[in-house]
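Undergrad: sequence first, predicted model second:
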Amino acid sequence: MLIAKALSVCSLDSFFGDNIFSSYVVGSWKPEPGLFLHAAKSMGHLPQSCAVVEDSAPGIQAAISAEMNAFRYNPHGQTEFVQNVPSFDDMRVLPALLKDS
């Protein structure tokens, strides 16, 4: 799976274990919420207790449709879409955003 390979190359694979999910496996593509709902259910969490960090409009819409807490990662200050979700441009602020949500 390409996702697992990418995580391995970046030495991030140990943070995910078996919790890697793909639209190709689940059969649901953003902006549909199916992938996020599948991931939450597989890990034993209610959607409302999940946080989604996304950098695309379809991803934000999928998170909102799944009734998950959405956060927009926007490192380049793009303005092509506006959603009523917290937006940030530096990953170092994410822990505080998650704590406050």
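TA: Nice, thanks for sending it over. If you're wondering where the values come from, they're calculated on a predicted model, not measured in any experiment.

Undergrad: could you list the low-confidence segments of this protein?
TA: 80-83 (pLDDT under 70).

Undergrad: quick one: the strands in it?
TA: Ranges of strands in the chain, per DSSP state E, are 51-54, 69-73, 87-88.

Undergrad: starting at the chain centroid, how far to the last one?
TA: It stands for strand 87-88. Remark: strand 87-88 is offset 13 Å from the chain centroid, using C-alpha atoms, centre = their mean, to the nearest Å.

Undergrad: what does the longest one give?
TA: Offset of strand 69-73 from its chain centre (C-alpha atoms, centre = their mean): 7 Å.

Undergrad: skipping adjacent residues, who's closest to the residue sitting nearest the centre point of the chain in space?
TA: Nearest residue to the geometric centre of the chain (C-alpha atoms, centre = their mean): Val52, 3.5 Å. With sequence-adjacent residues excluded and distances taken as C-beta to C-beta, 6 or more residues apart in numbering, Val52 is closest to Ala63, at 3.7 Å. (Glycine included, C-beta is placed from N, CA and C.)

Undergrad: so which bits of stretch 3-11 are buried?
TA: Neighbour-count burial for stretch 3-11 flags Leu7 (criterion: 16 or more other C-beta atoms under 10 Å).

Undergrad: name the residues that touch it?
TA: Asp13, Phe15, Phe16, Ile20, Ser22 (C-beta atoms under 8 Å, 6 or more residues apart in numbering).
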